[in-house]
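Chemist: coords below, sequence missing:
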């Protein structure tokens, strides 16, 4: 299908099923965190999944390529990003499998029926507040800072929309790990798996991947570290596998 690109937009290869995605570097391009989350989240055959703050739709598109899920929904508050996501979905012929909705995460509990999803994913803004922001209304600021929703908003809504036994997957920064765990337990999303991501084997972790179970019992498994680079500019074999190279 021929899709018109708008000013400053480009097409990038995803190395999965021949899929491509529309991106605009002046807004926000997806990063490794989104790719790692798509490799960490498990969507089983026949299940439905919701991605909160989907941006240009990278996570639903990658999950459709990597899993046997039945249907994927992406919720995005910025219409320009949602429009890019819809055009990427159409470009890859995925209109029957992926739906992109423009809307506010804080209102998602009213937009969808309670307990209507098997899986929810989120790659949310990592930073708190507006400290140091020159333009808090810019798309990049909204993607990186908690300007339009908070971590607790995402967890609260996910708890409402997940069925009992449904799974919540999050990628975030380790410096907020105590806050994340407290919020998950508060809303009865019990942490079940955690994996720390290290840029190099001798460096501190800079990402954390989490799986939580709606209504689960208290027991978490801390998985082996994920190392990104074996030397500068060269990924480890596991990272190459996650990307599909």
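Modeler: Perfect, thanks for sending it. Remember, predicted model here, so these are calculated numbers, not experimental data.

Chemist: thought residue 164 was touching residue 215?
Modeler: Yes. At 4.7 Å, residue 164 counts as touching residue 215 under the criterion of Cβ atoms under 8 Å. Where you see a C-beta, it was placed from the backbone N, CA and C, and this is true even at glycine.

Chemist: who's more crowded, the two?
Modeler: Shown here are residue 164 and residue 215; by other Cβ atoms under 10 Å, residue 215 has more neighbours (13 against 10).

Chemist: tell me the first helix or strand C-terminal of the host helix or strand of residue 191.
Modeler: Using DSSP states H and E, residue 191 falls within strand 189-198. Once strand 189-198 ends, the next helix or strand along the chain (criterion: DSSP H and E) is strand 207-214.

Chemist: name every strand pairing with that following strand and say which way it goes.
Modeler: Note on strand 207-214: by DSSP bridges, its sheet partners are strand 162-172 (antiparallel), strand 189-198 (antiparallel).

Chemist: enumerate the positions of it that are buried.
Modeler: Neighbour counts over strand 207-214 (16 or more other Cβ atoms under 10 Å) mark 207-214 as buried.

Chemist: can you name the next helix or strand after it?
Modeler: Counting by DSSP H and E, what follows strand 207-214 is strand 221-222.

Chemist: can you list contacts of that following strand?
Modeler: By Cβ atoms under 8 Å, 6 or more residues apart in numbering, the residues outside strand 221-222 that reach it are 192-195.

Chemist: so for that strand, mean pLDDT?
Modeler: Average pLDDT, strand 221-222: 97.

Chemist: name the helices or strands packed onto whichever helix or strand residue 178 is part of?
Modeler: Residue 178 belongs to helix 177-186 when assigned by DSSP H and E. Secondary-structure packing of helix 177-186 (3 or more Cβ pairs under 8 Å, 6 or more residues apart in numbering; DSSP states H and E): helix 151-161, strand 162-172, strand 189-198, strand 207-214.
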